[in-house]
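**Q** need the 3D shape of this:
(one chain, ligands or ions: 1)
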Amino acid sequence: MLGPVILAASRSDTMRRFISAAPGTKQVVDRFIAGESVDQVVPVVRDAADKGLEVTLDVVGEDITTPEQAAAARDAYLELIGRLKELGLGARAEMSVKLSMFGQALENGHDLALANVRPVVEAAAAIGTTVTLDAEDHTTLDSMFAIHEELRKDFPQTGCVIQSYLFRTEADARRLAAAGSRVRLVKGAYKEPASVAYQSKPEIDKAYVRILKTLMQGEGYPMIGSHDPRLIAIGQELARQAGRKLDEYEFQMLYGIRSEEHVRLAAEGHRMRVYTAYGTDWYGYFMRRLAEKPANLLFFGRSVLTR
Ligand code: FDA
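**A** Numbering: from 1, shown residues only. As a prediction, this is how the structure comes out:
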């Protein structure tokens, strides 16, 4: 029951101020956030590369309120891509972006987000890598898929995320499982109503398997975004049944979660990509990680109380 309460708090400015200022917060945030700046995240990318891992980099931030903030988000990604180019790390790192950080919820937000994300996708392509559009709450998805389709006209390798908890996703997966597409399947991390989303773990997991089967049997490139050992084993079996080689799909997990599993899968020859978030606006991202596992909240509470 704690998960929905934490997710509600993730949208509260009062809680944001309280939690951000609490002593001990930083120590827990550091488990999930790889640093505050490009300089701090570069060694993390190198370390991942040394372990045979790839990364997808997320400059944290969402739900911005002015066009200037949206432009700053675009510039933060352009700075990151510039550094990856200088350091020759483009082949190891792709980018993940949240369109709400690029202005999607502002006036004329669809066009604004598209205008801000396009130069990022262009810059990524110029260094031989790509961008995946994260999935946010269900009200944003029609716009996200339309932007994805538009970007793919010039940059067909642009990826997107689909969430197994949503009823709509099986149909989205059938449409997206086409040649050249790159689709990350996750369970879903937002607080969604029963009118649009499964509410129980068994239903969400069963939907995940059905959707993954569609992606594996399709012609695109499935990206299995989960830490769930059962779903990882099922993913391997579905890939085998679909006759996919090891480089025809990949696993993805979040920085700081089940890190030993990242290395184990890579050592087995799988492509393993670590979603690595960094930056200063970590509140929303951090709260979703707390909501996914209530034990994290105990750790957080202990850390704050022992200060
Ligand atoms: P599940 O929640 O069942 O966890 C399985 C096991 O993993 C747990 O038992 C625990 O051991 C470990 N674990 C999972 N979460 C943990 C946590 N926070 N702290 C500690 N341990 C944890 N969502 C979304 O809505 N839009 C998006 O764009 C993305 N993008 C994304 C990218 C990648 C690479 C991943 C892995 C996940 C996302 N997500 C996401 C988040 C996703 O929707 C989901 O909330 C989490 O992955 C948790 O679900 P699992 O599939 O890991 O299973």
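**Q** how about Ala48, nearest residue that isn't a chain neighbour?
**A** Counting by Cβ to Cβ, 6 or more residues apart in numbering, Val55 is the residue found nearest to Ala48 once chain neighbours are left out, at 5.1 Å. (Glycine included, C-beta is placed from N, CA and C.)
**Q** secondary structure class for that neighbour?
**A** Put simply, Val55 is strand when judged by DSSP: H, G, I helix; E, B strand; the rest coil.
**Q** can you tell me how far it is from Leu254?
**A** Remark: distance between Val55 and Leu254 (Cβ to Cβ, to the nearest Å) = 11 Å.
**Q** who has more neighbours, those two?
**A** Val55 (25 against 22; other Cβ atoms under 10 Å).
**Q** about what we covered before: shared neighbours, Val55 and Leu254?
**A** Applying Cβ atoms under 8 Å, 6 or more residues apart in numbering, one finds that Val55 and Leu254 are jointly contacted by 274-275.
**Q** can you give me the pLDDT of the residue nearest to Ala48?
**A** For Val55, the model assigns a pLDDT of 98.
**Q** which residues does it contact?
**A** Contacts for Val55 (Cβ under 8 Å, 6+ apart) come out as 44-45, 48, 92-94, 273-276.
**Q** excluding residues flanking it in the chain, which one is nearest the spatially most central residue of the chain?
**A** The chain has Asp134 as the residue nearest its centroid, 5.2 Å off, counting by Cα atoms, centre = their mean. With Cβ to Cβ, 6+ apart as the criterion, Asp134 has its nearest non-adjacent residue at 4.8 Å, and that residue is Lys98.
**Q** circling back to that earlier point, now do the residue nearest to the centre of the chain against the ligand, distance only.
**A** Asp134 sits 3 Å away from the ligand, going by Cβ to the nearest ligand atom, to the nearest Å.
**Q** over to Glu136?
**A** 7 Å.
**Q** Lys245 too?
**A** Separation of Lys245 from the ligand (Cβ to the nearest ligand atom): 21 Å.
**Q** one more: Glu149?
**A** Glu149 is 17 Å from the ligand, by Cβ to the nearest ligand atom.
**Q** element containing that residue?
**A** Take DSSP states H and E as the rule and Glu149 turns out to sit in helix 141-154.
**Q** contacting residues for the nearest residue to Glu250 once chain neighbours are set aside?
**A** Once flanking residues are discounted, Glu250 sits nearest to Arg271: 3.7 Å by Cβ to Cβ, 6+ apart. Applying Cβ under 8 Å, 6+ apart, one finds that Arg271 lies in contact with 54, 246-247, 249-251.
**Q** pull out the buried members of these.
**A** Buried members of the contacts of Arg271, scored by 16 or more other Cβ atoms under 10 Å, are 54, 249-251.
**Q** with distance to the ligand and secondary structure as new columns, can those residues be given to me in TSV?
**A** Formatted as TSV, the buried ones among the contacts of Arg271 follow (distance: Cβ to the nearest ligand atom, whole Å; DSSP: H, G, I helix; E, B strand; the rest coil):
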residue	distance to the ligand	secondary structure
Glu54	11	strand
Tyr249	14	coil
Glu250	10	strand
Phe251	9	strand
